[in-house]
Structure formats: C-alpha cells, structure tokens
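[1] Build me a model from this:
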Amino acid sequence: MAAPHVAAALALLRQEFPDESVSQLESRLTAGAPITVDVRTGTKLPRLELVHQAAVNSNSTGPAGSSSSTDGTPTPDTAPSSPASGTFILKTVRPTADIEWALDNNCGNLKCDLKPIGEDTFKLDVTPKPSVAPQDKAKITTIDASTVKSLLKDIPSIAVFDNRLSSPFNK
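    Numbering: from 1, shown residues only. Purely as a prediction, here's the structure:
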C-alpha cells in the first residue's frame, strides 16, 4: 500500500474516521474491491478503485458523519457543498486562438481559464462564473471531460484529460 494515491486515500479515511485502527481503515479501503492476480507471481490483491470507495464510505456512518436537519439544511458538522469545477489537460495541434474562440462561444455560465503548458498542450480550469446566481450554480453539478468536450465541440481532434489533482491557476 505504498503508492501515493493509496497513501492519500488512507489519509483521507483517517481524517473521516479518526478513531479507527490502520487495519480497520485498510479493510474499509479494500472492502468490495475486485481481486486482481499478478500473472508473474500468482499473487492475488484487491484493486483499489478509490472513486468507488469514496462513494461506499460516504454512505457509512462514522465520527465525522454528515447529518441534516429535517428541513434539509446542513447542521454544524457538515460543510455546504461547493459548486462543481474541474481542471483538464487538452492536447491538440489546433492554434490557441481556435480553442479560445470555442470556449468564448460555448462556456456560457462557466468561467474557462486556458493556459498553454507545452507544445500542443493546454491546461483548462472550469468553474461557474462568480456572476451566476446561486440557484443556477446549484444546477451545475458536474464538470467532467464530457462537459469540456461539449464546450470544444467545434474543435476536431482534441483530446481531453481530467486533471483533478492539479490546482487552479493563481493569477
């Protein structure tokens, strides 16, 4: 369990369940994971699917569990949900001006910050615009690669990669 993503997942579980032992956290992390076999050695290990585990563990109760009042408003132990956002890597041979044109025409209520980061490679941060009304921000639940592809539908031959571990631009 030494891979960086596993260590990060264990740290997040530790934050969510601070009173559990390492063995209990490991069990939580591997519960329901499909078993994979290393064909070279025959070793059988669970394949960690962290997105799935986040969903499984968010339904569990624990010391830092969420709760809501009867009217649905968050109680003091829950944080209000933040609007959807995403960071993406774009690969294309198209000129920057073409990508900027497509984003200007299609982003609508989304703020799309494009930055070249290498030859034919761009970083794109997508968030709801600050001027969007709160009730409209609440309707923007997911910004994923398919959302970005729809924003760039006018650009042929563009590859979009989700890069959520990256941090947004600092201006």
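[2] Distance check, residue 9 against residue 15.
    Shown here: residue 9 relative to residue 15, a distance of 11 Å by CB to CB, to the nearest Å. Backbone N, C-alpha and C define where each C-beta goes, glycine included.
[3] So for the residue of the chain positioned farthest from its centre, what's the pLDDT?
    Relative to the C-alpha centroid of the chain, counting by CA atoms, centre = their mean, residue 41 is the outermost residue, at 33.8 Å. Each residue has a pLDDT score; the one for residue 41 is 75.
[4] Likewise for residue 159?
    Predicted confidence (pLDDT) for residue 159: 89.
[5] Over to residue 31?
    Residue 31 carries a pLDDT score of 76 in this model.
[6] re the thing from before, quick one, which of residue 9 and residue 15 is more surrounded?
    Neighbours around residue 9 and residue 15, counted as other CB atoms under 10 Å, are more numerous at residue 9. The numbers are 20 against 9.
[7] Please identify the helix or strand for that one.
    With elements taken from DSSP states H and E, the one containing residue 9 is helix 4-16.
[8] from the middle of its chain, how far away would that helix be?
    Here helix 4-16 shows a centroid-to-chain-centroid distance of 15 Å under the convention CA atoms, centre = their mean, to the nearest Å.
[9] before we move on, what about stretch 9-20?
    19 Å.
[10] Check stretch 84-94 too.
    For stretch 84-94, the distance from its own C-alpha centre to the chain's C-alpha centre is 14 Å (CA atoms, centre = their mean).
[11] ditto for stretch 120-134
    Counting by CA atoms, centre = their mean, stretch 120-134 comes out at 14 Å from the chain centroid.
[12] Give the rounded mean pLDDT of that stretch.
    The predicted model gives stretch 120-134 an average pLDDT of 87.
[13] end to end, how far does it reach?
    The stretch stretch 120-134 measures 36 Å between its terminal residues, going by CA to CA, to the nearest Å.
[14] Give the buried residues for that stretch.
    122, 123, 124, 125, 126, 127, 128, 132 (16 or more other CB atoms under 10 Å).
[15] Please list the members of these that lie in strands.
    122, 123, 124, 125, 126, 127, 128 (DSSP state E).
[16] quick one: the third one and residue 114 touch, right?
    What it means is residue 124. Yes. Shown here, residue 124 and residue 114 form a contact pair, counting by CB atoms under 8 Å, at 5.3 Å.
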